[in-house]
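> I'll drop the sequence and a predicted model, then ask my questions.
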Protein chains: 2
Amino acid sequence: MPDFDVLAIGGGAAGLTIAVGGTLIGFKAALVERHRVGGECTWTGCVPSKAILHTADVAAAARVAAAWSVDGAPPPPQLDFAKVRAHVHGARDQIARTETPEHLRGEGIAVLQGSARLVAPGVVEVDGRSVTARHIVICSGSYPAVPDVPGLAETRTFTNETIFDDLESLPARLAVVGGGPIGCELAQAFARLGSRVTLIQSRDRLLPREEPAVSPILRAALERDGVTVLTDARLMRATPAADGGRGATLSLEGRADVAADAVLIATGRRARVQGFGLEEAGVTLGHDGIQVDDHLQTSVPGVWAIGDCVGPYRFTHVAEMHGRVVLRNILFPWRKQKVDYSAIPWCTFTDPEVGRVGLTEDEARRRYGSSVHSTTLPMSRIDRAVAEGATDGFIKLVARKRKLLGAHVVGPAAGELTQQAALVMSRGLPVSALSMVTVYPAISYGLHQAADRLAGQHFKRNALLQGAAGVIRRLALR
Amino acid sequence: MPDFDVLAIGGGAAGLTIAVGGTLIGFKAALVERHRVGGECTWTGCVPSKAILHTADVAAAARVAAAWSVDGAPPPPQLDFAKVRAHVHGARDQIARTETPEHLRGEGIAVLQGSARLVAPGVVEVDGRSVTARHIVICSGSYPAVPDVPGLAETRTFTNETIFDDLESLPARLAVVGGGPIGCELAQAFARLGSRVTLIQSRDRLLPREEPAVSPILRAALERDGVTVLTDARLMRATPAADGGRGATLSLEGRADVAADAVLIATGRRARVQGFGLEEAGVTLGHDGIQVDDHLQTSVPGVWAIGDCVGPYRFTHVAEMHGRVVLRNILFPWRKQKVDYSAIPWCTFTDPEVGRVGLTEDEARRRYGSSVHSTTLPMSRIDRAVAEGATDGFIKLVARKRKLLGAHVVGPAAGELTQQAALVMSRGLPVSALSMVTVYPAISYGLHQAADRLAGQHFKRNALLQGAAGVIRRLALR
């Protein structure tokens, strides 16, 4: 008899889903973690970034308040970075409370603290001690990719893994390398907190995975917060500060140098697949992650892999979805479920938020051609956004006939609105489901308006429908 | 031939839906309005209240910023009420732009400015001029109810119809009579802007239509903002200020008098049904509104009534839903649609927001007995709420078997979350639809957590399911 029914290597969102969910459905479950249970999401990712963004939003609101104050009132004071850190660490600690080894053990989970090594199918060594399990799930996560630029390795840069713990005072000048979600979120946060931020993006726009219309809006928002945004900017060399501190001078191709007191690298993430025996045990690796089939099985029977170490969507909620698929596939081996990426929502939590689910219009047209139609409703047409003075952004719906293929929201509550579109897509409802009775004036009302617009477009394009409407009208008004 | 296919009496949300929607589907439509097109929603209701709440949120955030500033920093200055008013009026003006008579005429709608009088089926007089229409839709709205209290008629009180226009400076002391949505929203707004606010509620709790757990949370939030909340408080007499201004002393039964520089009456609304010939034309009135059948027809053929003048739900989005039902019933008289109130969401836009759709737990139990189950997830378990320091509130789901009967959300983005639950209910989806892959860490993730909890409860209560799971587990782990 193996020691456990299921064992997760790695205690982040993926491993926790396996251990907690597995226990709930009656499996004897173990979790191996060498550092902090909770992983990237709780300690160095989603949670601290949202917590610092909140403090930054407060600072930004204080600036609005100053503009609305009686003339001659003093400008808002800068936030105390020690208090900002206290808020960030407090949020982490509160959330981590239900993820401590003690708490998990109380739920019946074996938490093994140490480094795991896959020895053979069904056998893992934890700090040299052998543990057996019917099913082993690799949940090793990912780590920040650092570009191969001369001098960068010698520079004491920050990544999301270190900035929330090791940065003890607000840098006067912060350089952020990378214009993806992490780079944009933290550039805005630090700018609002008072740093002079330069964002260095190698691509021609911010958030290059998103609809092209997103980047100019986000860029303008960051610039209003004081961020210097450099796109098409190639980092050639980093020269560490002579004092051995966190500072550096960054040399860019064909542009002036950027001098910074701190440098944050946010140029993507790589799967963590080295150092725990995967290849030796025969687990096939792909280009950037563990190779799995549609059921999330690796090349070795009884060994599964989920979350960031697999990709392609490195989100907490995808790791959890992976975990549920694997638990289901362990429970129903005779009727395995395939992993389905067709309605995965995500959100970048800048102000304005940028939410997305499904296909961009370009992607949809490449797949379905001219039968794809779309509508874009500017936030300035959504009454609540007007009332909040938050009119930067839009809702874009991409559809084909009655089917919603994608939704793109830039603006307040974009993450929440995206979820509504994800619900429509995940259940295969028609776009018109969004035309339901909608709370006025929630921001969601904009989804209702956008769905109505799509219906109106459909009607206007369709001569047959118009003819029928004419006949019905004449009959009705006889 | 009548002059118009359809004519709306009243240019608020209801009338606009008839006129704009009717024109879209090819009807020759007219709108009669004696005051401002846009009605209560745009001018004195939803829009200005949300706009002033936004300025109040900004003021509250400035206070948080002050607490997070370096020690000894000055407290945030008070907002300039002239700038607050400018924001409120600016938001109204921007939203009203697509509702001006000129704009509507450009869309092909006949806008008749004047007072309408129903003369006979199909005939309306507008300032004495006779106009004919096949279908007449009464959209006369509602007005603030003022309680019959000695001295109140002589006091120059405010209601939502006057406060956004006529109040020119922030009152030092504001008394708000009424603890429903309007009273709570405006009490909080003015308290955050710097008034000393006393909220006088005759019932034993705030928002008495909502789940009982809502009131203590909202009360604590208002009290933190400095509002003095008096429940079970009976207003006995108002004594107007001797200076002829806006002030008054309010005498309460068995309590100390409340002296105020301004008094806002927010004790509900009454249907506006007098003065335009309804009874003379034979339209039957109910207790508080025009009597209509399930298809929204009045007792007079060809005369319909929708929106606040009908009730029972006096919301912009219900008025619009009514309008769509009537247009459909005019277009398809041989297949009329009944109005359906089973999934009407609404929201009170205080901080925390209070959103709701469907039944409370008590209502559900009265209807379905012990087969009803529920779960309540505190906001403190929703990671984004923790990161935002916005942990007051909860998500409560009420269900029966797999069916969602009600959702109650108190907290950030409650209005948006409620809409997601409304989508599930309006489409008859199972509760588990909310367990879809959900953006982490959107607040919506809490809906996912709550739905998972309901599923877990269901499993724990069901011995048969557990037995089956045991068998499956043993088979799977052979």
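Now that the structure is in, tell me what you want to look at. Every value quoted in this text rests on a predicted model; they were computed, and no experiment measured them.

> stretch A:408-426: which residues count as buried?
Of all the residues in stretch A:408-426, those buried under the rule 16 or more other Cβ atoms under 10 Å in any protein chain shown are A:408-426. Every C-beta, even on glycine, is put in place using the N, C-alpha and C of the backbone.

> just stretch A:212-229 next, same as before
Buried, per 16+ other Cβ under 10 Å, within stretch A:212-229: A:214-215, A:217-219, A:221-222, A:225, A:227, A:229.

> any bit of that stretch sitting next to chain B?
No. Between stretch A:212-229 and chain B, judged by Cβ under 8 Å from any Cβ of the partner chain, nothing touches; the nearest distance is 15.1 Å.

> closest to the centroid, which residue in chain A?
When Cα atoms, centre = their mean is applied to chain A, the residue found nearest the centroid is residue A:315 (5.2 Å).

> which residues touch the one residue in the stretch 101-250 of chain A that gets nearest to chain B?
Relative to chain B, the nearest point of the stretch 101-250 of chain A is residue A:134 (5.9 Å; Cβ to the nearest Cβ). Going by Cβ atoms under 8 Å, 6 or more residues apart in numbering or on different chains, residue A:134 touches A:2, A:4-6, A:122, A:302, B:477.

> so which of these wins on neighbours?
Among the contacts of residue A:134, the one with the most neighbours (other Cβ atoms under 10 Å in any protein chain shown) is residue A:6, at 27 neighbours.

> rewinding a little: mind checking which of the buried residues of stretch A:408-426 are in strands?
A:408-411 (DSSP state E).

> which one of those is nearest to residue B:441?
Ranked by distance to residue B:441 (Cβ to Cβ), these are led by residue A:409 at 16.4 Å.

> got a list of what that closest one touches?
Counted by Cβ under 8 Å, 6+ apart, residue A:409 has contacts A:353-356, A:393-396, A:417-418, A:421.

> tell me which residues form a beta bridge with it?
Bridge pairing for residue A:409 (DSSP bridges) gives the partners residue A:355, residue A:395.

> quick one: it and chain B, what's the gap?
Noted for residue A:409: a distance of 11 Å to chain B, by Cβ to the nearest Cβ, to the nearest Å.

> next, count neighbours for residue A:313.
The number of residues near residue A:313, taken as other Cβ under 10 Å, comes to 16.

> could I get the pLDDT score of it?
With respect to pLDDT, residue A:313 has a value of 95.

> list the contacts for residue A:135?
Applying Cβ under 8 Å, 6+ apart, the residues near residue A:135 are A:5-7, A:302-304, A:326, A:330.

> actually residue A:78, sorry about that
Contacts of residue A:78 by Cβ under 8 Å, 6+ apart are A:59, A:170, A:193-194, B:69-70.

> of the residues you listed, closest to residue A:430?
Checking the contacts of residue A:78 against residue A:430 with Cβ to Cβ, the nearest one is residue A:59 at 43.0 Å.

> just give the nearest non-adjacent residue to that closest one, would you?
Sequence neighbours aside, residue A:192 is the residue nearest to residue A:59 in space, at 4.8 Å (criterion: Cβ to Cβ, 6 or more residues apart in numbering or on different chains).

> tally of neighbours for residue A:294?
Going by other Cβ under 10 Å, the residues that sit close to residue A:294 add up to 11.
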